[in-house]
Every structure is written in structure tokens, then in C-alpha cells.
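J.: I would like the atomic coordinates for the input below:
(chains A and B)
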Protein chains: 2
Amino acid sequence: MTPNVAAAKAALSHLDVEEKEANIRASSRDFFWYSPVLKDRLDHVVADFVVRPRTEAEVIEVLKTCYAHDCPVTTRGAGTGNYGQAMPLAGGCVMHLKHMAEVKAVHPGRVIVEPGCLLKDLDMVCRDTGQEIRMFSSTWATATIGGFIAGGSGGVGSCTWGSLRDLGNIIRLRVVTMEEEPRVLDFRGEELARVSHAYGTNGIITEIEIPLAPAYDWVEMFVACDDFMEAAHFAEQLANEDGILIKLATVFEAPAAFEYFQRVKPHVEPATHLIALMVAPHSMDGFLTFLSRRNDARLIYRNDDHDWDREPGSVFEYGWNHTTLRALKVDPSITYLQVRYGFPDHLRLIEEMQQEFSPEVLQHLEVLKENGKVMFAGLSLVKFSSEARLDEIIRRHEEAGAMIFNPHRYTLEEGGRQTVDDRQLAFKREADPKGLLNPGKMIAWDDPDWRYDRMYSYPKLQAAE
Amino acid sequence: MTPNVAAAKAALSHLDVEEKEANIRASSRDFFWYSPVLKDRLDHVVADFVVRPRTEAEVIEVLKTCYAHDCPVTTRGAGTGNYGQAMPLAGGCVMHLKHMAEVKAVHPGRVIVEPGCLLKDLDMVCRDTGQEIRMFSSTWATATIGGFIAGGSGGVGSCTWGSLRDLGNIIRLRVVTMEEEPRVLDFRGEELARVSHAYGTNGIITEIEIPLAPAYDWVEMFVACDDFMEAAHFAEQLANEDGILIKLATVFEAPAAFEYFQRVKPHVEPATHLIALMVAPHSMDGFLTFLSRRNDARLIYRNDDHDWDREPGSVFEYGWNHTTLRALKVDPSITYLQVRYGFPDHLRLIEEMQQEFSPEVLQHLEVLKENGKVMFAGLSLVKFSSEARLDEIIRRHEEAGAMIFNPHRYTLEEGGRQTVDDRQLAFKREADPKGLLNPGKMIAWDDPDWRYDRMYSYPKLQAAE
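T.: Numbering: from 1, shown residues only, chains lettered A, B, ... in the order given. Below is the predicted model of the structure:
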């Protein structure tokens, strides 16, 4: 099987095909450079061509054509992922879904939308019906819903609704297969796990149906604490208040707020631990009562009533992976981890890791619901020294019982639980028999006997120049 | 202090005062007769007169006048309580708030309403804005919002939003005091605990502001199980699915469904344990996936798609205290308990109590959120034999660690945690210095040294004829 990329490109030339080298390069990248490990390995990756279908029929044409010419296809939205999800490791075609951005229908409790729609634009349309999406990444302003579902796991809103993989957080996905005659399939229920968070390795999502929540003018706040564990307890206990509706509860260990949040800096000390919150306006009385019961926490900012000279912007753009971005801009040696601090050991584990690694690793915690319990996702800020040290830090977390979803790996398995997802693999066998979709991302497809004893290195990864 | 009831009545005769003996009798009662203990003690209780103010100004006039004449005032809504909350133990005036039923304003996330508004009517108005109240008693069709807040604790919706006492589930209460010159106070935050669930013993609620949730056409279902503990696990695990939005999850131990639910009976066996559910329509795909993973549960009814000859009506009218009502109608010897099966011991405690007491006590479980965790309220059906046996059953629950909120007592303390609520008592001292509001319901006011070693007997309780 020898790819004939030029033939595929020629056959698709009547579509919207990008010609400029610089744009092809830009469309071949995501935010993989958050990771020095991935930056080292993927910086040179570039597609041979980029095509931007306008309709599902054009998606089918792209897939059918590339199938005929054995040309790899890596599908992308806005490219705001952090693990090279949308990077064409073996070159070939990048299929960019930016033109497929229509919100097809908004119903009570659910919306039907094309994958290329920006989260922000989707929310704007839903707002007209008093609704909004349940959860979104901190890249709300730039990311697409398709990219979020194919490459993300949760985000702002997950403190109430759990993760994308939880039952009920995706209703239906319409998927096109990569075969001689591509099929169009509607997946619901158990079938959703085949293609959710699969990086487009086994089918291309062309329509999405997800649930909605009521839209509110969320009150966005910063709360300051002098003690780190008090801040973590504050966030947990607030999230456990069943009558107070929240959309975000984030904890930043000091000195992250002072060092990395420029517009927050004038209002905090280096030793200030910060909590970012989004609370429903009709829950503010309850929240302020909750706050008044604590003498360890001070409300220093609320977006609807403050005297800050310079607006800090949306507080959710300080949380999730925007935290890493803000830190990186100030200190390029910063990278991060993704940690699961699971119930009921979450607070103990957090304290243990904080005491062992601070300030080399600064805790950044996101409240998350998992199986009905409040727990934390850690997106810890790591002062990078070497890959060996990073691996050592990861190993210590795992030994302690804090599971790591390694953001310094480009494969599904290594970024997940280091196990094969049989549902995704089985569907890839059926839907992508030539293995042309986003090659190199599913170890189970390439190397079923892989033992995860070292970082996987995709054999067909483009050689750096 | 000698009450001059006749003078009070005469001074209020220009208001809507009930004259008919039968109507005064009816307005002096609630559903206390669920309890054979209370039935024995309260059946003869009757007010001297009933007044129905139309405005807050008239409420103030009633209170001022009764204060001047030392006339007790017991305030009521629809009288759907079960502990004699609204019964005038010492006679005097019953103030019926049925005329004060205006929905004053509906905003995104909250509503402002007068206390006499029926829950049903409140929901109907809110529906026009796509919203509904977060929680309601199973007496939704007949009970008032004021009665629910002054005399209830939670209900349908508490599986998601927790209890009325939780921060955020009441925003504001406007309260009139019982003084020479009644004051009108607006309570928020910590102040709410003074008068919520206080049976109108220390102030009269004239306006209520509560949060709203989005309104959906809830899919109402019955699920059948062959094993009781499997049914309990099913309800808990469903409630732990963060992405599946529910409004009710109730478990009925066999043979309750067969014996007491006439329209369900043709579709179950005596050994069938039943689960009643309300699931948001956009969560049905997730729910059906959840259901398909279990081979121990069968969906036997959904209100939007079924072949039952006779509609069973709203499934929530099988849950909470409607369960007791349905059982009582078939077997007048049935009464009930109110049990707290708290996290994390809830399932162990349920199994222990079920094994010890079934079938004398049949488990009826309501999923409840408490401090962010799924747990159960038990409204167990009890085959009543004697007060001594009932007390013994209660004692065994308490010994095991299953707290009892005794529904066979008419005082706040005995129906609660058998402790004085200092906030309520302190406010009664301030707002009802003569102790005229709903006398006999707050032991701490009448007899501060009471030891709870036996059932409290209010000394001024009207003598039975």
C-alpha cells in the first residue's frame, strides 16, 4: 500500500484546497507545544495538503478519494488540542471542518450541530432559547464542538455534569466511515464510545446532538485564600452544596496567580492561593452565605460588581488548560500534568503531592463530578527540567494512587489509561480497514503487542529535517 | 394572659371569616391521621374561628388584633401536612392563606410568589418561561408553596437539588411578626433558617422567592426488579450518573406495588419490587443505555409510550407521602416512618432494616442528595400494632444508625433531631413575645428543660370531649 497523495489532492482540487505552504503548516499543528516532549518530536510534522469540505457529501468524497489513493486523512477542527490529536504524523491530507459549522436545530434540552461550529457560536445560538451547552473547554472562543468531542474529555461545566464520556452528555453522533464506499452511521447509547475521544481515528463525525442546560448570566468570581488546602476544601464543599448551581470551581496554588495572571497580580500577594468560580446569579445569596461561614476566604473579584481598573476577562479563561497557557507565556519552561484525584482519597492525594513537589509542581485543581461524587482533576503546572524528571514525577503520582493522563504523549492509549479501548479498535477495523484515519494515534492498531514500558514512537512518523 | 377569642373574631369580622362549623372543623385539620398516634391525640382539635386574609395588610391586621386579645393564631395553607403542623392545638384563630396566591414575578432562575399559591399553579405560571420549581411535595396538585416551605423539607426534585434547608433552595422570605405593631422583615441567607420549616411558630411568611430549574416534559417510568437490594442499587447508580438528569427515583419493596397501587397491579407480581422514575427527555438515550447494562431491571411503563389500559397518573403521586396514602386506602392499619439512610452507610443500613423488619415494615426509599452525595430517605410503610411496638421499631433504627424523623409527633423538635433549633427559638422570643403563634409546636418555648424521654404532651392541648 503506497499512498498516492498527489493523485488524491488532484482529484479533490475542485474543493476548497489550501495551497499556501504557511497555511498548510499552520493547519498541521495544534497546541502540542505545551509539552516539551511533544514539541521535540512533532514540531516538523506537516500535511501534504489541506482540504476543507463544505458538506457531508464533500466529506464523503474526500474520504472515498483518499481511500482509493491510500492517502492518510487527519481531521481537525480549530486545532486547540494539546497532544497532537489533529497532527498528520504520516503526512497526507488534513481535512479541516471549519466550513461545516451550521447549528441545525435547537430543541428544549438538546441541540443538533455540525462539527466545525465554534463552541462560542453554538452557545450564542442556543442562548436565543435560554439554553447553553453543558460543558466546554476553556478554548470556548476558538475551539469547535467536533474537536471538543473527538479530542476532549470535559471542562467548564464538568463540576456539575461530569465528563463527556458519561452517559447522557452526548446524545447522538453521525459518523462517516473510511471505506471504498463510505457509510454514514448514526450512533447512540453504547455506540457513542466507539468514536468519542477517538481523535478521528476510526470515523469522521459530521453531525452532533448534545444536551443543553439552562443559560444564566453566570457570576464570575475570584476568591483568595491564605492556605492551599483550605482553598481545596472550599472548592470541594461549595461543589457539594446541592442547592448552589455552579459552572466552574478552580483552585490555583500560590504563587500561580501572582506570577502568571497579569491582571490578577495587583490584587493578590505571592502567597495567595486563588479560587476561580462561576455561580448562577440566583445562587449568589446561597453562595455569599456559604462564603460568610468561612473566615479563610476573601471574595476579591466578581464580574458584576468590582473596582478593578483592568477587567480580567472571563474567569474560565484562567482555568482548565488556559492556566498552562498563561504560565507558559510568562515562563516558557512550564509544562503540565493531567492528574485524577479520585474520590474519596482526593484531598489526601492532593496534599501529599503538593507537599512532595511544590514549588517544582504547582497544584492547579478543577472540580469534577465522577460517579456522582465531587473529586478533582489536577492540571498541575510543572517546571520542566528533563524528560527523565518528568517521568519520575509521573511515576511518583501513580505510585501514590493519583492516576496520570499523560499529556506528553500523542497516542490515545498513553494519554488515557494505557489500555486498549476495544470498542474503538473494533470499530476502526470495520470503518477504516486500511488504517488511513489519523495514523499513529492508536497503538492497538499499529502494534497490538505494545507493552507501554516506554514512550511509543510511531514508525511512520515523518522524519525531521 | 387570658385569650379573648370572641373579641378578636369580632374585630376581624369585616374580613373573610368562616362561619360554618363544618368548615371551621375542616380548616382545623391536616393529614395528621396518617399517624395512629396523632389521630388518637389530635382528632378533636378545632379552631374557634377561621380568617382568610387577602393581602399582607390584612395579615398584619389579623396578627395585631389577635395580639391585642391574646388570641392564638395558627397559620395554614392547604393543610396537606402530616404532623398536625397546621392544627390549632389551643384553639383560637386559624389563619388560612388561600387568598394570597399571586405569582408576583418570574425571572430567569427564580420566582417571587405569595404563600397561598398552589404548587401546581406556581409551576403552571413558571412553565410559560420554560421553568419550573426545583422541588415539590407529592401533594403538588393541592399543597401551597408556603405550606411546603413552612412545613416540608423536600420532595420530588430533591434527588438533584437536595433539601429545602440547603443553601440556595430558598432565596428570600418576607415575614410578619406577631407583636403589638407587627413588623415586616425580609430574610435572606442565614436568616432563612429562623422561619423555614418552623410551622409558623415565629412569624408569618407573606412572600417567597425561590430558585427555578428548567422545565422539561419529564418521562415518567416504572421499572420492575426481582431483588430488593438490586432495585436500591439501581436507583442509587442512576442518581450517580452525572450526565443523566432526573427528578425522581423511588424504590418500593414488594409487595407494595402489587398490594397498594391498583393501576400498577395488573402489570406486576406480588414479588415485584418497583422503581418509579422521572427522567428528562433529552436524558432518555442515556437512561436506556444505563438500563440495558442491567439484566435485573425491566422497564414496564413509560408515560410517553405504553399499552396500559388505564393510565396510572403521575408517577410522583406514587412517591413521597403519596405512597403512605395509597397503602392506607387499602389497609387502614398501615402507617409510616421517616428514616435518614445517610451516605456512606445507606445501602448497608437499608439492607439491615429490610432484613430485620420485612414485611412488618416495607421499605419505601426516596433518592435524596445530601452534602453532594446520593443517599436515601426512607418513608417506610409500617403495619401498625401498638405505640409500644412502633417505638421499639424506631429505637432499633436509631440503634443501627438510621436516624428517625418521627412523623408521630406534633412538635418541631420531636419531628426533627430532638434538639432545640436556637435560631428558631431566638427569633420566636423576638417576633412572638406572647407565644401566640401555633402554640404547642415548639417544646423549647414551652418547656426548655424537656428531656425527650417520652412523647411531649402540650399542657394547653384542647381536651377531647
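
J.: use CA for all of it now, contacts and neighbours both
T.: Fine.

J.: What residues of stretch A:113-130 count as buried?
T.: For stretch A:113-130, a neighbour-count test (16 or more other C-alpha atoms under 10 Å in any protein chain shown) marks A:113-123, A:125-127, A:130 as buried.

J.: Also stretch A:352-367?
T.: For stretch A:352-367, a neighbour-count test (16+ other C-alpha under 10 Å) marks A:353, A:354, A:359, A:360, A:361, A:362, A:363, A:364, A:365, A:366, A:367 as buried.

J.: Would you tell me which residues of the stretch 301-450 of chain A are close to chain B?
T.: A:369, A:370, A:371, A:372, A:373, A:374 (C-alpha under 8 Å from any C-alpha of the partner chain).

J.: quick revisit: which one of the buried residues of stretch A:352-367 is nearest to chain B?
T.: Chain B lies nearest to residue A:367 out of the buried residues of stretch A:352-367, by C-alpha to the nearest C-alpha, at 12.5 Å.

J.: Once you drop chain neighbours, what's closest to the closest one?
T.: Nearest residue to residue A:367, sequence neighbours excluded (C-alpha to C-alpha, 6 or more residues apart in numbering or on different chains): residue A:376, at 4.7 Å.

J.: One more: residue A:58?
T.: residue A:15 (7.9 Å).

J.: can I assume that neighbour sits in a strand?
T.: No: looking at residue A:15 with DSSP: H, G, I helix; E, B strand; the rest coil, it is coil, so not inside a strand.

J.: is the residue nearest to residue A:367 in a bridge, and if so with what?
T.: residue A:341, residue A:367 (DSSP bridges).

J.: Surely it touches residue A:344?
T.: No: at 10.4 Å, residue A:376 does not count as touching residue A:344 under the criterion of C-alpha atoms under 8 Å.

J.: Mind checking which of the two has more residues around it?
T.: residue A:376 (28 against 11; other C-alpha atoms under 10 Å in any protein chain shown).

J.: Could you pull up the residues touching the more buried one?
T.: Residues in contact with residue A:376 (C-alpha atoms under 8 Å, 6 or more residues apart in numbering or on different chains) are A:340, A:341, A:342, A:346, A:365, A:366, A:367, A:368, A:369.

J.: biggest separation within the buried residues of stretch A:352-367, which pair?
T.: Pairwise distances across the buried residues of stretch A:352-367 peak at 22.2 Å for A:360 and A:367 (criterion: C-alpha to C-alpha).

J.: What sits closest to the residue in the stretch 351-465 of chain A that chain B sits nearest to if chain neighbours are left out?
T.: Residue of the stretch 351-465 of chain A nearest chain B, by C-alpha to the nearest C-alpha: residue A:372 (4.0 Å). Distance criterion C-alpha to C-alpha, 6+ apart; nearest residue to residue A:372, sequence neighbours excluded, is residue B:240 at 4.0 Å.

J.: and that neighbour, how many residues sit next to it?
T.: Neighbour count for residue B:240, taken as other C-alpha under 10 Å: 20.

J.: That one against residue A:167, yeah?
T.: No: if you go by C-alpha under 8 Å, residue B:240 and residue A:167 don't touch, sitting 10.6 Å apart.

J.: Could you give the backbone dihedrals for the residue nearest to residue A:372?
T.: Dihedral angles of residue B:240 (phi, psi; degrees, to the nearest 10) stand at phi -80, psi -10.

J.: Find the nearest non-adjacent residue to residue A:180, please.
T.: The nearest residue in space to residue A:180 (C-alpha to C-alpha, 6+ apart) is residue A:64, at 5.8 Å.

J.: Can I take it that that neighbour is in a helix?
T.: Yes: using three-state DSSP, the assignment for residue A:64 is a helix.

J.: That one: neighbour count?
T.: The burial count for residue A:64: 19, using other C-alpha under 10 Å.

J.: Next: the one 4 residues further on.
T.: When neighbours are counted by other C-alpha under 10 Å, residue A:68 registers 17.

J.: From the structure, what's the count of residues near the residue found closest to it once you drop the neighbours it is linked to in the chain?
T.: Closest residue to residue A:68 apart from its sequence neighbours, by C-alpha to C-alpha, 6+ apart: residue A:180 at 6.7 Å. When neighbours are counted by other C-alpha under 10 Å, residue A:180 registers 15.

J.: Please name the residues that touch residue A:180.
T.: Residue A:180 touches A:64, A:67, A:68, counting by C-alpha under 8 Å, 6+ apart.

J.: Nearest to residue B:336, out of those residues: which one, please.
T.: The closest of the contacts of residue A:180, once distances to residue B:336 are taken by C-alpha to C-alpha, is residue A:64, at 66.9 Å.

J.: okay, the residue of the stretch 1-150 of chain A found nearest chain B: pLDDT?
T.: Chain B sits closest to residue A:109 of the stretch 1-150 of chain A, with a gap of 5.8 Å, by C-alpha to the nearest C-alpha. Residue A:109 carries a pLDDT value of 98.

J.: tell me the centre residue of chain A?
T.: Centroid check for chain A by C-alpha atoms, centre = their mean gives residue A:152 as the closest residue, at 3.5 Å.

J.: what about that residue, distance to chain B?
T.: As judged by C-alpha to the nearest C-alpha, to the nearest Å, residue A:152 and chain B stand 16 Å apart.

J.: Can you pull the phi and psi angles for that residue?
T.: Dihedral angles (degrees, to the nearest 10) for residue A:152: phi -110, psi 180.

J.: how about the closest residue to it other than its chain neighbours, what does it touch?
T.: Nearest non-adjacent residue to residue A:152, counting by C-alpha to C-alpha, 6+ apart: residue A:197, 6.2 Å away. Residues near residue A:197 by C-alpha under 8 Å, 6+ apart: A:149, A:150, A:151, A:152, A:153.

J.: Point out the ones among those that are inside helices.
T.: A:149, A:150, A:151 (DSSP state H).

J.: doesn't residue A:196 make contact with the first one?
T.: Yes: with contacts defined as C-alpha under 8 Å, residue A:149 counts as touching residue A:196 at a distance of 5.9 Å.

J.: Work out the gap between stretch A:96-103 and the centre of the chain.
T.: 19 Å (C-alpha atoms, centre = their mean, to the nearest Å).

J.: Same check on stretch A:352-371?
T.: How far stretch A:352-371 lies from its chain's middle: 18 Å, per C-alpha atoms, centre = their mean.

J.: Kindly report the same for stretch A:381-391.
T.: Here stretch A:381-391 is found 21 Å from its chain centre; the criterion is C-alpha atoms, centre = their mean.

J.: neighbours around residue A:278, how many?
T.: When neighbours are counted by other C-alpha under 10 Å, residue A:278 registers 24.

J.: Render the CA-only coordinates of the host helix or strand of it in PDB, please.
T.: Element membership of residue A:278 [criterion: DSSP states H and E] is strand A:273-279. Below are the C-alpha coordinates for strand A:273-279, written out as PDB (Å, rounded to 0.1, in the frame of the first residue of the first chain):
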ATOM      1  CA  HIS A 273      -4.000  30.800  46.700                       C
ATOM      2  CA  LEU A 274      -6.700  31.700  44.300                       C
ATOM      3  CA  ILE A 275     -10.100  30.100  43.600                       C
ATOM      4  CA  ALA A 276     -12.000  30.900  40.300                       C
ATOM      5  CA  LEU A 277     -15.700  30.400  40.400                       C
ATOM      6  CA  MET A 278     -18.800  30.600  38.100                       C
ATOM      7  CA  VAL A 279     -22.000  30.700  40.100                       C
END
